[in-house]
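In: after the sequence you'll find the predicted model.
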Amino acid sequence: MFEEILSLVEKHEEWRGKRCLNLIPSENVMSPAVRGLLSSELGHRYTARDRFYMGTRFTDEIEQYGEKIAKEVFRAETADLRPLSGHIADLIFLASFAKPNDTLMCVSPDVGGYPGVWKNGLAKLLSLKAVAFPFSKNDMSIKVDGAKEAIRRVKPKIVIFGASKITFPHPVKELAEVARESGALVGFDGSHVMGLIAGKQFQDPLREGACALFGSTHKTFFGPQGGIILADEEHGKIMKRKIYPTFVDNAHWNRIAALTLALAEMKNFGEAYAKQVIRNAQTLAKALHEYGFPVVCQYLGFTQSHQVLLDYGGYKHGRVVAKKLQRANIIVDCDVRIGTCEITRRGMGEDEMPKIAELIKRTIVDEEQPENIKRDVAKLCTEFQKVQYCFDG
């Protein structure tokens, strides 16, 4: 049993870590130092805001230091590292400020919004009425004029920007004032673009009118899997008071230590990293388009984020494409969202993007034997094994 478990993990690490092109936009790779902290002695320990546990001196200092760096990185008045996931961060925001039968306005999953806050997700759990932003799939953007009219008419209690498919900044600045005038609280789920926001290359929701920025820490942000909340003083204090014991008890302090170091890496290397992520996405999108792939938003320059979106008309056909790519050790999701966050963290730049596009073309268009492509994928990956944009990279 012991050998079997270790063998499965070793096989996974050899395959996904060394021989695959990991292009899923909701994944990234941690630096060796950050990864090491996840297995530190902190993983055995508790602490609590009511000081029930003794022996927490250094644990508490780590959390305080992490919050301090988070506030600096995101220029936030408050920060909290305790949410165990982006989904839990969403829950904390919604449950702190919405009451049953309130209306939530966000991007519908039908056009790339996050299903977790929609009608069968947190909206259902909290008895909220979820209504969709008017949205243009052609532009992958919220329709500003239509949204203004909808906000005034519907008068939502909560408005959340951000989406699972997010290639361009959302119009927070254009809509926040209208939302507030209509009595709405404005939040931004930055799960996918948290690292780009931290690197000052996407948009700045807290300066554009959102009272809170929340989401996960392992997509464009290169920390461990988990969540984070950044907010102004007024709303941040409310959420911080509610987190324990309602939403999080043991916040996994090894994760918080790892996240604190990842925040320090982002503070020092985030801008260069975020710029390269976006350059890589734009270069890859252009190369795929030239091969005839259905890349969305050509006339807008394809993307301003880490995501390149291929439109295969839905999950069913996208899954066929994703399975073909997986046989060649090229890993995407079944929406065929292609992300450049992990390959950038491994040191790939614009020169590698045409090579990746060619590998995808050989798999999908030329239908070349997967074994041939696997060898070339592995060769490319071998050249980029050392994590960059970190203190030990």
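Out: Cool, the structure landed.

In: low pLDDT regions in the stretch 101-250 of the chain?
Out: Applying pLDDT under 70 to the stretch 101-250 of the chain picks out no residues at all.

In: mind listing the strands for it?
Out: Applying DSSP state E, counting those that start in this stretch to the stretch 101-250 of the chain gives strands spanning 103-106, 129-132, 135-136, 141-142, 158-161, 185-189, 212-216, 227-231.

In: repeat for the stretch 251-393 of the chain
Out: With strands called from DSSP E, counting those that start in this stretch, the stretch 251-393 of the chain shows them at 307-309, 330-331, 337-339.

In: same list (the ones you listed) but as JSON lines, adding mean pLDDT, distance to Ala76 and mean neighbour count.
Out: The C-beta positions use only the backbone N, C-alpha and C, and glycine is treated the same way. Shown next, in JSON lines, are the strands of the stretch 251-393 of the chain (pLDDT from 0 to 100; distance: least, C-beta to C-beta, whole Å; neighbours: other C-beta atoms under 10 Å):
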{"stretch": "strand 307-309", "mean pLDDT": "98", "distance to Ala76": "24", "mean neighbour count": "29"}
{"stretch": "strand 330-331", "mean pLDDT": "98", "distance to Ala76": "33", "mean neighbour count": "22"}
{"stretch": "strand 337-339", "mean pLDDT": "98", "distance to Ala76": "25", "mean neighbour count": "27"}
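
In: please report how far Leu310 lies from Lys137.
Out: 14 Å (C-beta to C-beta, to the nearest Å).

In: quick one: which of the two has more around it?
Out: More crowded of Leu310 and Lys137, by other C-beta atoms under 10 Å: Leu310, with 20 against 13.

In: quick one: the helix of greatest length in the chain to strand 227-231, angle?
Out: In the chain, taking DSSP state H as the definition, the longest helix is helix 253-290. On the basis of axes from the mean of the first three to the mean of the last three C-alpha atoms, to 10 degrees, helix 253-290 is oriented at 90 degrees to strand 227-231.

In: okay, buried residues for helix 253-290 please.
Out: By 16 or more other C-beta atoms under 10 Å, the buried positions in helix 253-290 come out as 253-266, 269-270, 273-274, 276-289.

In: against which helices or strands is that helix packed?
Out: helix 32-38, helix 57-74, helix 194-198, strand 307-309, strand 337-339, helix 341-345, helix 353-364 (3 or more C-beta pairs under 8 Å, 6 or more residues apart in numbering; DSSP states H and E).

In: what's the third one packed up against?
Out: Read that as helix 194-198. helix 57-74, strand 212-216, helix 253-290.
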